[in-house]
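>>> With the sequence up front, the predicted model follows.
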Amino acid sequence: MNLIKNDPSIEDSHGLINPASYDLNLLVVLHALIRSRNLTHASNDLCTSLAATSRALGRLRRLFDDPLLIRHNRTFGLTPLAEALTSKVEAFLVNVDNIFTSNPAPPERFTIVLPDHVGLSLTPSLSGFLRQISPKTLFLPLFNMLDAMDKLEQGQIDLAVGVIEDAPPGFFCRALPPVRSLCVGRKGHEAADRQLQFSELNRYLSIRIDSTFGVGLNDLQDGLEALRIKGGEVLTLPDIHTAARFAEDSDALLVLPNSAAQFLVSRYDLLAFQPKGSLPPPYRVSLIWHERWNRQSLHAGVRSIVASHLLKDFTPT
């Protein structure tokens, strides 16, 4: 009792049933006939001609070697085989409908690995976006970039913000335009008062933020190394808050994207300034994600929010 097409083989090279060997459209006709038990009504439900429905019933009868519908007074009744097939056909069509019409459940969390200086100001706007679009989804920021690409591939994180030399096959990488950066130091810092050139700032201790203490060892970087004041003594600290507190009590300087610099100024006893003459290098960063999420609408929305947030400080080149 197979709904077999003209192809005599119903198995593939591995010995598995090949769905292409079945005319599954006949199951739609069979379901309409079982439900209505009337050729005319089934034709109307299927939006086909009476002749086409009659031919399909003929094929079904030959394939199952059973009349399926039999006359009973002025209507049709179901044969025992048709009765047995009713629940199976109904379940099959419901499952097919679910495959093509069901939307995937929203994720419980959306995990992003990103520099902590980006997470400081990004968290409110992204949390607000998810509350509006997908209330059951929690924004989870991670600030440790160690093995970020492996975690993306394994599905442990959904999106990465940082700098990568070359995205491997299976990943998408969107490089954002350069973002303006500022120097940050304690209030009253002589570098700001004397309006020194950027190249002259190397006389002061330069702060480097690195949560993993593995500069140059990770496949994904936070992008701050390119901003660092070169040529002077460097102090590496584990996070932006530790760096801010150290800068408050010393002559150390750090260079950050504009939004992060302004965030620190609003919360610590710090100032943000532009050196005289040449400006600090612009901040460059990319969005990296696995191809499995490329067409997912929620993921695309999050990427748009992150990019818009970072590009508020876009610097034309």
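Perfect, thanks for sending it. Residues are numbered from 1 along each chain as shown.

>>> so G119 sits right up against P141, yeah?
Yes - assessed by Cβ atoms under 8 Å, G119 is found in contact with P141 at 4.4 Å. Quick note: C-beta positions are derived from backbone N, CA and C, even for glycine.

>>> anything in contact with each of those two?
I112 (Cβ atoms under 8 Å, 6 or more residues apart in numbering).

>>> In a strand, A84, correct?
No - counting by DSSP: H, G, I helix; E, B strand; the rest coil, A84 is not part of a strand but helix.

>>> Mind pulling up the pLDDT for it?
The model reports A84 with a pLDDT of 86.

>>> How many residues are close by it?
10 (other Cβ atoms under 10 Å).

>>> Kindly report the same for R194.
As a burial measure, R194 scores 9 neighbours (other Cβ under 10 Å).

>>> Quick check: the nearest residue to D249 once chain neighbours are set aside vs D222, distance?
Spatial nearest neighbour of D249, chain neighbours left out: R186 (7.3 Å); criterion: Cβ to Cβ, 6 or more residues apart in numbering. Distance, R186 to D222, using Cβ to Cβ, to the nearest Å: 23 Å.

>>> try G162
The value you get for G162 to D222, if Cβ to Cβ is used, is 6 Å.

>>> Neighbour count: these two, which is higher?
D222 (27 against 21).

>>> Tell me who's in contact with that one.
115, 117, 145, 162-163, 209-210.

>>> so where's this structure uncertain?
Applying pLDDT under 70 to the chain flags the ranges 1-22, 73-74, 101-104, 211-218, 314-317.

>>> quick one, helices of the chain?
25-36, 39-46, 50-64, 80-101, 116-133, 148-154, 190-193, 240-248, 258-267, 297-310 (DSSP state H).

>>> Tabulate these (CSV), appending distance to G232.
Output for these, formatted as CSV (distance: least, Cβ to Cβ, whole Å):
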stretch, distance to G232
helix 25-36, 75
helix 39-46, 79
helix 50-64, 83
helix 80-101, 61
helix 116-133, 21
helix 148-154, 29
helix 190-193, 12
helix 240-248, 15
helix 258-267, 19
helix 297-310, 28
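
>>> quick one, which of these is nearest to A226?
Across those, the minimum distance to A226, taken as Cβ to Cβ, is reached by helix 116-133, at 13.8 Å.

>>> What residues of that closest one count as buried?
116-122, 126, 129-130 (16 or more other Cβ atoms under 10 Å).

>>> could you give the angle of that helix to helix 297-310?
130 degrees (axes from the mean of the first three to the mean of the last three Cα atoms, to 10 degrees).

>>> packing partners for helix 116-133?
strand 109-113, strand 138-142, helix 240-248, strand 254-257, helix 258-267, helix 297-310 (3 or more Cβ pairs under 8 Å, 6 or more residues apart in numbering; DSSP states H and E).

>>> Please give the centre-to-centre distance between the fourth one and its chain.
Distance of strand 254-257 from its chain centroid, counting by Cα atoms, centre = their mean, to the nearest Å, is 28 Å.

>>> just use 2 as the starting number from now, easier for me
New numbering, starting at 2: the last item is strand 255-258.

>>> buried set for it?
Buried residues in strand 255-258, counting neighbours by 16+ other Cβ under 10 Å, are found at 255-258.

>>> Nearest to D24, out of these: which one, please.
P258 (60.3 Å).

>>> still on that earlier bit, could you provide the contacts of D223 in JSON lines, with additional columns for distance to T41?
Output for the contacts of D223, formatted as JSON lines (distance: Cβ to Cβ, whole Å):
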{"residue": "P116", "distance to T41": "68"}
{"residue": "H118", "distance to T41": "71"}
{"residue": "M146", "distance to T41": "67"}
{"residue": "G163", "distance to T41": "65"}
{"residue": "V164", "distance to T41": "68"}
{"residue": "I210", "distance to T41": "76"}
{"residue": "D211", "distance to T41": "76"}
